Every structure is written in structure tokens, then in C-alpha cells.
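J.: Model the structure of this input:
(2 chains)
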Protein chains: 2
Amino acid sequence: MSRFISAEAGKLAPYTPGEQPRDLRYNKLNTNESPFPPSPKVLEAISHGETEKLNLYSDPTCAVLDSAIAGRYGLKTENVISANGSDEILAFAFRAFCGTGCGVAYPDITYGFYKAQAALFGLEAAVIPLREDFSISVDDYMDFPGMAVIANPNAPTGIALPRSEIRRLLEANRNRLVIVDEAYVDFGAESCVTLIPEFDNLMVVQTMSKSRSLAGGRVGFAMGHADLIADLNRVKYSFNPYNVNRLSMVAGAAAMEDEAYFQSCTAAIRKTRAWTVEKLEGMGFTVLPSSANFVFAKSDRMPGGELYRRLKALGILVRHFDAPERIADYCRITIGSGGQMAELVTAIGNLLNES
Amino acid sequence: MSRFISAEAGKLAPYTPGEQPRDLRYNKLNTNESPFPPSPKVLEAISHGETEKLNLYSDPTCAVLDSAIAGRYGLKTENVISANGSDEILAFAFRAFCGTGCGVAYPDITYGFYKAQAALFGLEAAVIPLREDFSISVDDYMDFPGMAVIANPNAPTGIALPRSEIRRLLEANRNRLVIVDEAYVDFGAESCVTLIPEFDNLMVVQTMSKSRSLAGGRVGFAMGHADLIADLNRVKYSFNPYNVNRLSMVAGAAAMEDEAYFQSCTAAIRKTRAWTVEKLEGMGFTVLPSSANFVFAKSDRMPGGELYRRLKALGILVRHFDAPERIADYCRITIGSGGQMAELVTAIGNLLNES
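T.: This next block holds a predicted model:
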């Protein structure tokens, strides 16, 4: 840290992203990317013509993109805001809805970024333990006098809550905001988007990084009551009005409009996930029930850290979290293509037989 | 505002970007974009191949981009950080270096975003009047117990400080950070990048939106002592680690490496600016001495607001700021292509003759 750092910045808790080797030599199953390229319609949208217009600012209202999203989910554009990835949307929400006297609650085991963003805005964070079986109990959030953030499905567990449970939380907390982070919802969980007309205390956050093959395009979005979206825009226009660039704008819109490609990619991931779970369980792994494009799994025969390191030595990257302790034996494994998962399963089989 | 907004977000002062009509029918001289398309090397860089990799996250360390920037300015990559436009870099800096007991100072007439970002982080802002002739006096910043932000050239005046003046400020304030926002420096002002090895209290912010024809690509960057850059990364990894998307990454690197195209575009703007100033002065305008890709000009024969409105009715957009009062008679006019400026000059001539 420099001698100029502010007291506030000194207290930050920066997030550590998964390893991103740039040489692409790894079988990369560590950051929950899609194994499929973006929709061919995305490739068309990023045409020479759009690239030639890069000298002109992008539309700060993101009209084309928001309109594609609203159309897909049966909402109005006033119910949608797009951003430079869902991390940015989450930061906007933490600033918009939390502050002095209004903290944030999230599970002890969940997306690590909530902690980083709570620190960014100096928020009081209530970190609520998952149940013994790694599921979220919405009852634990009923009395929290601030904003609750629920990843559904949760990461890195992959476990989803039924919509009815989130509805129960929303009904019991009509004066408290609930953010449902649905980064992984398209792989088998129940989305809460359909509850938006009913609850003005619900904000749903999604991303195009997983189910729409646009991790490198950085497109995230939030959906909710128009007043909530207006609050997020207030923060956006204080932070970075032109936050979505021209190419990501048209790429995101095209990805959202290609429903057939989306359905085909997510179906393929679900099928490969079922195959992977079967193989891992066949080798004695405990695999948490996943509704996401990854599985969280442990073997009694090899600690999680060792499995991660030995797979890496073989050119296969998975993600291992040292802390908290009760997940230290698990690895989070992205569901890639059938070929990638076959390679993983073979490698794990060999490692376990050697050990 | 929703009933869930935080006290902090309620106090924000969101920035109003210049009008961005999406139909491109206007002669658009209101947001200081380049009239030239990006370098042909940018078009090549955003190849089909790169687009097909959009399913994979971009490199959070921005190695390719930072390396191109460092190479251009004779720095190491540890002296460079890239971001989603220079607005994001500025926000990172406001968080990294300001907070309770450490506010920010900037001129009363300058880039409107500093005010928005000071409000975003709840900072005390010292707003220091420009001199009568609209120039910045560095002596006014000598005693400020916080961070100073100097746009050089300043916007919307276009007036530049000589490097020697900023050196004087840096020397007198070795324990205070000075941010020099050089968004417009490439059009004729003296950059302070060469002072970086000498001063660890200097951070230079630049953008590819103007001189490198990438406004729609959103690429900004900061250069300074490695410790300052590390502080900005601390904020970045708390806010949005994957903040530069894959396509902007390669576009920015390619734009930075095409020195010949950059020189040719900036020389053309300087030439067209000289022509425009001559024509405006010939029609009796007062034009502030500009080192930027815009001019700030007023006519005694037509108030600034009226000129703006009447030009808009003719399909020509310039920017007018209602406040503060002493610039209310001025319009900020982007230097576009020779053809665009000829159209502007003809239109203004006709308007003044009619009135």
C-alpha cells in the first residue's frame, strides 16, 4: 500500500479471482465458463460495421441491450439495468441500498465477492452459516434489519432453493430488500423473475457469463421494480455512465435473443453434469446436489487441496478454497464439454488408483 | 428513489452525460469523440478468433493492454492500470486515496464527474474557482490537505497548464497526491508522464476515447508509482476484477501500438481546430485558447443556450452548460472532421446573420 492510501481503502478485502492462465494450455474447469463459443448471432453482431463505430460512445441507457433482456423475461425496460458484468451490478446495489445503519446479510459459504463489496462500502455484514447439509435456510434471514443477498443456486455448493422458499422470505420481509443472485439459475434452478411484478422488495441479478457464453464480454444485469432500477441508475451515473461498451452491447443483445442456442447449450451442460456426477459418485465422491454449471465434490481418499494440485500438474484446473474449513476437502469443478469431463474423470481415476 | 435507498445513495450527485442520440442523424459535436474510426489495426485485432473466445473470461491483470501502454510511455507494467474507461479509474482513485479526513480539491469549472464521484464516496470537496481568464492557478492548491485533481487541458475550457506549473505543485506538495487527468493531452498540451519517475505523489490518468478513437470501446488507464497502482488494484479487486472485456483489451492494445495512425489523427484535429478557431473569431466569437479536441466559445450576438438550441434544430449538436453562470454564454464544440466543422461554421454564420 502506498503512503497515500485512505483509511477506507486500507480496510478493503479484495476478491481473488480464479487462476486465468493466458496460454490456454489447461483443461480449464476452475472459473465456471461455458465450454461453448458464443451464439453465431453474437459473432454476426460484432460486425465490422459496429467495430468501425468504436470512435463513438456507447449508449449510456443501454437501450438495445435492456430491451432484449426485457423482451426475454416479459418485463419493461424500466425493470432492467445492464452493466459491465454482474459484479458491477452487485456493487451498484450494495451502494444503492446499504450504508450506515443498513448492512447486508449473506451466507458464510457463498460467492466471495459479497464480502469484498461489503468492505468496499464499509458495511456491517451479517455472515450467516449454511445448514449442516450446506443448504440455505431462509428462516435465518427473517429478522435481519438490512439487505439480504442469496445466490440461487448458491456458489460454490451448487445447491438451489425452491422459488417457494424465496417467496416466503419476500412475504415475511416486505420492508427489506432481498437480492437473488441468479448467476447459475439457467442450469436447473427456479428463477424468481416471475415474482418481480408481485414484490417491490425483490431484485434479481443475472449474468451472461455462464449460460450465454459471454464471460469475456462482461455483461450482467438486474431486474426488479422500476424504482429499484432507478436507484441503481443513480449510482451508475455517479460511477461510470458509459459502463457497457459498444461491442458487448450488441453481443449481449444477440446472445439474449438466440433462445434456441441458449436452450441447446444449457441442456448440454445439464446432461454432461449428470454424467460427471455419476462418474464421480462411482469413484466414491460425495457430490452436493448441483443446479449449476459446476459440481462441488470431495473424495475421502484425497484431500481437496491435494486433488487440486495433482490435477493442475496434469494440466487440469479446478478450484479449491482453503477456507472456511468445512469446505476444505471439496473442489469446485466446472462442467465443461463432454470431452473435457471425460479427461477429468480419467485423470481422477488414475490419481485415486495411484494413491 | 425507492423506499429502500440508503442515506448515502440519496446524497449522490449523478453526472449527466452529453446527449447521445442513437440514430446518428446529427452532426455530433457535443461529446468530444474522434471523427475518425479506430485504427485499422483495431479492426484486425477484434478478429473472428477473439470473438469466438468470448465464452472465456478476460485477463483480470490486463497484461496485454498494460504492456502496450507501458511500452508506449517508457514505463513498466507495474506503473500502469487499465479500466473500463477513465471514469472508472477516477472512481478507483477517489476511493483509494480519499476518505474521512482526506477530501478532494478540483476547480469550480472542470469535468463534471469529479463532483459526482466525490459524492459517491461522501468526500469533502474543495471547489476552487478558476482565475478570471478561466485558467487554473496551481498556487490555489498548495495548502489543500487532501488530493488534488487537475484536468490538463481542463474541460470544458480547453486551457492547458505548462508541465512546469504542475511540477511546481508536485514539488511543494510531496506528501499530497496530485491526479492529472490528461484525457485531452494528446491534442497539444504537455503530458506529465515524464515526471512519474521523479514524483511518487503524481498519478496521470488518460483515456483512449479521444485521441485513439475508442470512446465506444471504453478503455482508460492510469500511470504512476507502482505503489499507487497497487492501491488502485486493491479497489479494482474489491469492485470488479474482470473490468476490461476481451475485445476492448485487444482493441486498446492495438490502438496504443499504432503510433502512426495516432499521430495522423491528432495532427488532423489540431489543424481543423486552428481553422475552426480562425472562422469563429472571424465571426466575432471569443474562443478560449484550446489545447484539446474541442473549443469553448461565445458570441456577443447570441447567448450560449440559444446557440445550442438553434444549432440542434439544424441537426448540429454542441454542448451547453447552464451552470455555473460565468460560462453560461459559452458552448463547447468538439472538433470533428473538416466537413463537419465547415457545416458548423456555415450554420453559425447563417444564424448570426438572421438574428
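
J.: what residue ranges in chain A score low on pLDDT?
T.: For chain A, the stretches with pLDDT under 70 are A:22-24.

J.: let's see 90
T.: A:1, A:10-26, A:47-50, A:143, A:173, A:322-326, A:354-355 (pLDDT under 90).

J.: Find the residue at the geometric middle of it.
T.: Nearest to the mean C-alpha position of chain A, by Cα atoms, centre = their mean, lies A:A183 at 3.5 Å.

J.: Can you name the residues of the stretch 151-300 of chain A sitting close to chain B?
T.: Listed as neighbours of chain B in the stretch 151-300 of chain A under the rule Cβ under 8 Å from any Cβ of the partner chain: A:175, A:177, A:200-201, A:209, A:213-218, A:225, A:227-228, A:230-231, A:233-248, A:251. Backbone N, C-alpha and C define where each C-beta goes, glycine included.

J.: Now do the same contact list for A:I81.
T.: Contact analysis of A:I81 by Cβ atoms under 8 Å, 6 or more residues apart in numbering or on different chains lists A:62, A:66, A:89, A:92, A:221-222, A:229, A:232-233, A:236.

J.: can we see that at 7 Å?
T.: A:89, A:221-222, A:229, A:232-233 (Cβ atoms under 7 Å, 6 or more residues apart in numbering or on different chains).

J.: just curious, which of the residues you listed is nearest to chain B?
T.: A:N233 (7.7 Å; Cβ to the nearest Cβ).

J.: other SSEs contacting the helix or strand hosting the closest one?
T.: Using DSSP states H and E, the element containing A:N233 is helix A:226-239. On a contact count with 3 or more Cβ pairs under 7 Å, 6 or more residues apart in numbering or on different chains; DSSP states H and E, helix A:226-239 meets strand A:80-83, helix A:86-97, helix B:7-10, helix B:113-120.

J.: which residues are contacting it?
T.: Against helix A:226-239 from outside (Cβ under 7 Å, 6+ apart): A:78-81, A:92-93, A:95-96, A:200, A:203, A:222, A:243, B:1-2, B:4-5, B:9, B:12-15, B:91, B:116-117, B:119-120.

J.: hey, where'd the helices end up in chain A?
T.: Using DSSP state H, the helices of chain A run over A:7-10, A:40-45, A:48-52, A:63-73, A:86-97, A:113-120, A:163-172, A:226-239, A:246-257, A:259-282, A:304-313, A:338-354.

J.: Now distance to A:H320 too, for those helices, in CSV please.
T.: Formatted as CSV, the helices of chain A follow (distance: least, Cβ to Cβ, whole Å):
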stretch, distance to A:H320
helix A:7-10, 29
helix A:40-45, 32
helix A:48-52, 39
helix A:63-73, 34
helix A:86-97, 21
helix A:113-120, 18
helix A:163-172, 29
helix A:226-239, 33
helix A:246-257, 30
helix A:259-282, 15
helix A:304-313, 4
helix A:338-354, 14
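
J.: that older thread, for the residue nearest to the residue nearest to the centre of chain A when sequence neighbours are not counted, which residues count as its bridge partners?
T.: Spatial nearest neighbour of A:A183, excluding adjacent residues (Cβ to Cβ, 6 or more residues apart in numbering or on different chains): A:T207 at 4.9 Å. The partner list for A:T207 in beta bridges (DSSP bridges) reads A:G220.

J.: A:Y111 versus A:T207, what's the distance?
T.: 11 Å (Cβ to Cβ, to the nearest Å).

J.: repeat for A:G146
T.: 18 Å.

J.: next one: A:G336
T.: In terms of Cβ to Cβ, A:G336 sits 20 Å off from A:Y111.

J.: out of these two, which sits in the busier spot?
T.: A side-by-side neighbour count of A:G336 and A:Y111, using other Cβ atoms under 10 Å in any protein chain shown, places A:G336 first with 25 against 22.

J.: and that one, what does it touch?
T.: The contact partners of A:G336, by Cβ under 7 Å, 6+ apart, come to A:29, A:35.

J.: what are the phi and psi angles of it?
T.: Phi and psi for A:G336, reported as degrees, to the nearest 10, are phi -90, psi -150.

J.: isn't A:M283 right up against A:A347?
T.: No: applying Cβ atoms under 7 Å, one finds A:M283 not in contact with A:A347, separated by 11.2 Å.

J.: So which of those two has more stuff around it?
T.: Shown here are A:M283 and A:A347; by other Cβ under 10 Å, A:A347 has more neighbours (18 against 15).

J.: Now the more buried one. Nearest residue, chain neighbours left out?
T.: Nearest residue to A:A347 in three dimensions, chain neighbours excluded: A:L314, at 5.1 Å (Cβ to Cβ, 6+ apart).

J.: For the one you found, the count of nearby residues, please.
T.: 16.

J.: quick one: it and chain B, what's the gap?
T.: Relative to chain B, A:L314 is positioned 20 Å away (Cβ to the nearest Cβ, to the nearest Å).

J.: quick one: that residue and A:I348 touch, right?
T.: No: checked against Cβ under 7 Å, the pair A:L314 and A:I348 is beyond contact range at 9.6 Å.

J.: Can you give me every residue that contacts the closest residue to A:L161 other than its chain neighbours?
T.: The shortest distance from A:L161 to any non-neighbouring residue, by Cβ to Cβ, 6+ apart, is to A:N152 (5.2 Å). With contact taken as Cβ under 7 Å, 6+ apart, A:N152 is in contact with A:160-161, A:166, A:180-182, A:185, A:189.

J.: Please apply the same query to A:A116.
T.: A:A116 neighbours (Cβ under 7 Å, 6+ apart): A:13-15, B:238.
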